[in-house]
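# got a predicted structure plus its sequence, pasted below:
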Amino acid sequence: MSIRAELLRLAMRLMLKRANPHPDIAAIRRRLDSIKPIVPGPPKGTRATRVNAGGVAGVEVATARSRGDCYVLYLHGGAYVYGSPSHYRDFIWRIADASAARVLCIDYRLAPEHPFPAAVDDAVSAYRWLLAVGADPRRTAVMGDSAGGGLAFGMLLKLRDLGVPLPAAAVALSPWTDLALTGESLRHSGATDPVLSTEQARVFAESYLAGADPKTPYASPLYGDPAGLPPALIQVGGDEILRDDAERMAARLRDAGCEVALEVWPRMPHVWQLFARILPEGRRAIERIGAFLRPRLTTS
């Protein structure tokens, strides 16, 4: 583990970890909005285009390496209650470059104003829009981090149940797959996770579910039958409270006969890939994502 990663863990613990079991969602959004202007932009030559993806706002990002016939639908994190594509300006271009694809990052609706299943519906609508404008599902992938990682799997379950052609691959970074909060790591990693707390996860889950069953598969894909889902890569930090969400989802996929690669990175903080600008481990993780995606998007 790099010294930079250790310093980032310390900084995140000091600035992000909160003992308050009742986080103020409005205050979190205000803090995130205040940092939008200082989020680094992509390098010169990157193309970023605002799109209306079937009624869902989004940004399509491409670099010089991006093929015109390959796509990644990206679903951002934020516990289903905060976050936007603007916070991912220094990350999405890296995925576009590593995967040699065009990346569509959507601004799906957030809870509590728009509870479950709004996020799933928006993800499905954006994917169907991609197909409608000519994307080949055999050259398309879905990817997400944290809540977006769970949303990616929930979207795949719904697409399969609707009979929509599935994408060629999926990537999930520290996915939140169990809103019932039954994972052992929620308890034994509560002190070591430098970012997340079980208490906050419970508040966010309740805000998103708004009374829905936390074990409904489109909200918590861990409880769905993943048979027929595409090959998946899952990356998670070794002492995250969501480690069990990742490991159990990988086991569910494997038991259903799906191809899955699980990577547990020791001592990496939640979604460390977003800090690739300063973390060598972030850059290496993105390289592995690209190595996973490229052959699956270009073999047909």
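Looks like it came in fine. Computed from a predicted model, the values in this text were never measured in an experiment.
# and the residue nearest to residue 293 when sequence neighbours are not counted, what does it touch?
Residue nearest to residue 293 in three dimensions, not counting chain neighbours: residue 99, with 4.2 Å by CB to CB, 6 or more residues apart in numbering. Every residue, glycine included, has its C-beta placed from N, CA and C. Each residue near residue 99 by CB atoms under 8 Å, 6 or more residues apart in numbering is listed here: 70, 72, 141, 289-290, 293-294, 297.
# shaky segments in the chain?
Flagging of the chain using pLDDT under 70 yields the residue ranges 16-22, 300.
# how about the helices in it?
Ranges of helices in the chain, per DSSP state H, are 3-15, 25-35, 89-99, 118-132, 147-162, 185-188, 198-209, 243-255, 280-298.
# now do the buried residues in the first one.
Of the residues in helix 3-15, 5, 8-9, 12 count as buried by neighbour count, 16 or more other CB atoms under 10 Å.
# what's the neighbour count on the residue nearest to residue 96 when sequence neighbours are not counted?
The shortest distance from residue 96 to any non-neighbouring residue, by CB to CB, 6+ apart, is to residue 103 (4.4 Å). When neighbours are counted by other CB atoms under 10 Å, residue 103 registers 30.
# same deal with residue 184?
Residue 184 is flanked by 12 other residues according to other CB under 10 Å.
# that one against residue 241, yeah?
No: counting by CB atoms under 8 Å, residue 184 sits too far from residue 241 to count as a contact (9.8 Å).
# any idea how far residue 6 is from residue 12?
11 Å (CB to CB, to the nearest Å).
# if you could redo that for residue 256, that was the one I meant.
Separation of residue 256 from residue 12 (CB to CB) stands at 35 Å.
# so what's residue 126 up against?
Contacts of residue 126 (CB under 8 Å, 6+ apart): 53-54, 56, 58, 73, 104, 106, 108.
# how many neighbours does the closest residue to it other than its chain neighbours have?
Excluding its sequence neighbours, the residue lying closest to residue 126 (CB to CB, 6+ apart) is residue 53, at 4.1 Å. When neighbours are counted by other CB under 10 Å, residue 53 registers 25.
# hang on, isn't residue 53 packed against residue 125?
Yes: between residue 53 and residue 125 there is a contact under CB under 8 Å: 7.1 Å.
# residues in contact with residue 49?
By CB under 8 Å, 6+ apart, residue 49 lies in contact with 59-61.
# how about 6 Å then?
residue 60 (CB atoms under 6 Å, 6 or more residues apart in numbering).
# next, the buried residues of stretch 189-201.
189, 193-198, 200-201.
# which other residues reach that stretch?
Contacts for stretch 189-201 (CB under 6 Å, 6+ apart): 9, 12-13, 16, 21, 23, 186, 239-241, 269-270.
# ok, now stretch 221-238?
Taking CB under 6 Å, 6+ apart as the rule, stretch 221-238 contacts 153-154, 156-157, 160, 166-174, 177-178, 215, 217, 243, 246, 248-250, 252-253, 256, 258-269, 285, 292.
# buried subset of those residues?
The neighbour count (16+ other CB under 10 Å) marks 153-154, 156-157, 160, 166-174, 177-178, 217, 243, 246, 248-250, 252-253, 258, 260, 262-265, 267-269, 285, 292 as buried among those.
# so what's residue 103 bridging to?
Assessed by DSSP bridges, residue 103 has beta-bridge partners residue 61, residue 72.
# list the contacts of it.
By CB under 6 Å, 6+ apart, the residues touching residue 103 are 61, 72, 74, 92, 95-96.
# next one: residue 144
Shown in contact with residue 144 (CB under 6 Å, 6+ apart): 75, 151-152.
# let's see 7 Å
By CB atoms under 7 Å, 6 or more residues apart in numbering, the residues touching residue 144 are 74-75, 151-152, 172.
# quick one: which of these is nearest residue 81?
Nearest to residue 81 among the contacts of residue 144: residue 151, at 12.6 Å, using CB to CB.
# for that closest one, what are its contacts?
Residue 151 neighbours (CB under 7 Å, 6+ apart): 75, 119-120, 123, 144.
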